[in-house]
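>>> Here you go, sequence then predicted model.
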Amino acid sequence: MDRVRSSERVPFRKRIKFGFTRPNLTGYTSDLSEGGMRFKANIGMAPNSRVIAELFLDDSSIMVEGTVVWITPDQKGLSTYMGFKFLSRVDEIKDIYQTQLDEYKDAIAPPRENIVTH
């Protein structure tokens, strides 16, 4: 069965700490959607693992719970990517996502040209 994403991913590079019972491992996010994020770490967790994570924002951090949805194949000596589905603080994450989406769209929008009307 194909998974259908309800929102587009936006670039989102932030430090994250995560773990099973406490956030003691470090990684970095690469993108964010309304319902989840992708992050890179040196240690992977199996799909369906319940994870506690601390997501470091510009001037604060937010603790969230989630589930590992997928993981890239673990290759010895290489970092792995994991897909993380948010299970807590979903409304706050949606606000963060919307801010990132607005900033991303502004950054990629073509420059507005001066339009002369007669």
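The structure has been received and is ready for your questions.

>>> from here on, contacts and neighbour counts on C-alpha atoms
Noted.

>>> SS state for the spatially most central residue of the chain?
For the chain, the residue nearest the mean C-alpha position is residue 37 (2.6 Å; C-alpha atoms, centre = their mean). Taking DSSP: H, G, I helix; E, B strand; the rest coil as the rule, one finds residue 37 in the strand state.

>>> what pairs with it across the strands?
On the basis of DSSP bridges, residue 37 is bridged to residue 32, residue 84.

>>> okay, it: pLDDT?
Note for residue 37: predicted pLDDT of 96.

>>> So it sits against residue 84, correct?
Yes - counting by C-alpha atoms under 8 Å, residue 37 touches residue 84, with 5.3 Å between them.

>>> Whichever strand in the chain runs longest: partners in the sheet, and parallel or antiparallel?
The longest strand of the chain (DSSP state E) is strand 61-71. Paired with strand 61-71 in the same sheet, following DSSP bridges, are strand 50-56 (antiparallel), strand 80-86 (antiparallel).

>>> Show me what it is in contact with.
With C-alpha atoms under 8 Å, 6 or more residues apart in numbering as the test, strand 61-71 has contacts from 44-56, 80-89.
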